[in-house]
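Undergrad: from the sequence below, what's the structure:
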Amino acid sequence: MRLAIFTGIILTSCYTGLTPALAADPTGDWRVADGVANVRVAQCNGGMWGAVSWEKQPGGRDENNPDVSKKNRPTLGMAILINMKKSAGAEQWEGQVYNAKDGQMYSATITPVGTDQLEIKGCVLGFLCGGETWTRVGPPIPLSTANAMPKGAPKTTGAAPKAAPAPVTAAPAPTPAAPKSAAAAKPGQKSATDPVGDICLLPEIAGLAH
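TA: The predicted structure follows:
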């Protein structure tokens, strides 16, 4: 199977122990426990979402999805943490997780443990729970501009001309430095080595649907 389970939901044992979580940011890129993929977590549309941002074995397909129309969709860029909301009084987010192993959705929580681990727990009907711990491989991601920018932002457009004259004079100097900036792209920005980019712009996340 090209794509092993990303979520670590094992429906044969009950996972009950949770390490107390320190206040931490769950956004960023995380390596799943078996190392087959990275999941990028970002705040989108008022909730936390996670999408596959890297695969150890490229070319995976969502072949176990019961929806025939989705069986051939790429797993790279596929949302697996679905619209998770902050739990009251706890550093934990609750929502749904998509299990690529069986093509099903389950109730789930994500809990940061310190700054470099993210605990994933998923359950069916409140029992038969399983989970695993992911390891951070990418820094926290600032709020997506796709969410932060007002829908009709004429002020931003109006401000651009004022800033334009200064860059025009300095244009020759920044041009050689551009490749370095691209190589050190901010988390979530598309680049030659990161085809996924800002997951908030992915169609299934922007459309609030899986």
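
Undergrad: immediately after the helix or strand of the chain with the lowest mean pLDDT, which helix or strand?
TA: When each helix and strand of the chain is scored by mean pLDDT, DSSP states H and E, helix 174-183 comes last, with a mean of 38. Toward the C-terminal end, the helix or strand that comes next after helix 174-183 (DSSP states H and E) is helix 203-206.

Undergrad: in its sheet, what does the strand or helix carrying residue 108 sit against?
TA: Secondary structure assignment for residue 108, by DSSP H and E: strand 104-113. In the sheet containing strand 104-113, the strands it pairs with under DSSP bridges are strand 93-99 (antiparallel), strand 117-124 (antiparallel).

Undergrad: export the first one as PDB, just CAs?
TA: Think strand 93-99. What follows is strand 93-99, C-alpha atoms only, in PDB (Å, rounded to 0.1, in the frame of the first residue of the first chain):
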ATOM      1  CA  TRP A  93      -8.600  21.000  19.600                       C
ATOM      2  CA  GLU A  94     -11.600  18.700  18.800                       C
ATOM      3  CA  GLY A  95     -13.000  17.800  15.400                       C
ATOM      4  CA  GLN A  96     -12.700  15.000  12.900                       C
ATOM      5  CA  VAL A  97      -9.800  13.000  11.400                       C
ATOM      6  CA  TYR A  98      -9.900  11.300   8.000                       C
ATOM      7  CA  ASN A  99      -8.400   7.800   8.200                       C
END
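
Undergrad: hmm, who's touching it?
TA: By CB atoms under 8 Å, 6 or more residues apart in numbering, the residues outside strand 93-99 that reach it are 5-7, 9, 26, 47-48, 78-87, 104-111, 120, 122, 210. Just so you know, the C-beta spots here come from the backbone N, C-alpha and C atoms, and that holds for glycine as well.

Undergrad: beta partners for residue 42?
TA: Bridge pairing for residue 42 (DSSP bridges) gives the partners residue 49.

Undergrad: contact partners for it?
TA: Applying CB under 8 Å, 6+ apart, the residues contacting residue 42 are 27, 48, 49, 50, 141, 144, 188, 198, 199, 200.

Undergrad: please tell me which one of these counts the most neighbours.
TA: Of all the contacts of residue 42, the highest neighbour tally under other CB atoms under 10 Å goes to residue 50, namely 33 neighbours.

Undergrad: so which of the strands paired with strand 104-113 comes closest to residue 32?
TA: Distances from residue 32 to each of the strands paired with strand 104-113 were compared using CB to CB; the minimum, 8.5 Å, belongs to strand 117-124.

Undergrad: how about the strands paired with strand 104-113 in TSV, adding distance to residue 70?
TA: What follows is these, written out as TSV (distance: least, CB to CB, whole Å):
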stretch	distance to residue 70
strand 93-99	10
strand 117-124	20
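
Undergrad: nearest to residue 31, of the ones you listed?
TA: strand 117-124 (9.9 Å).

Undergrad: quick one on the thing from earlier: least reliable of the strands paired with strand 104-113 going by mean pLDDT?
TA: Sorting the strands paired with strand 104-113 by mean pLDDT places strand 117-124 lowest, at a mean of 91.

Undergrad: right, I'll leave it there.
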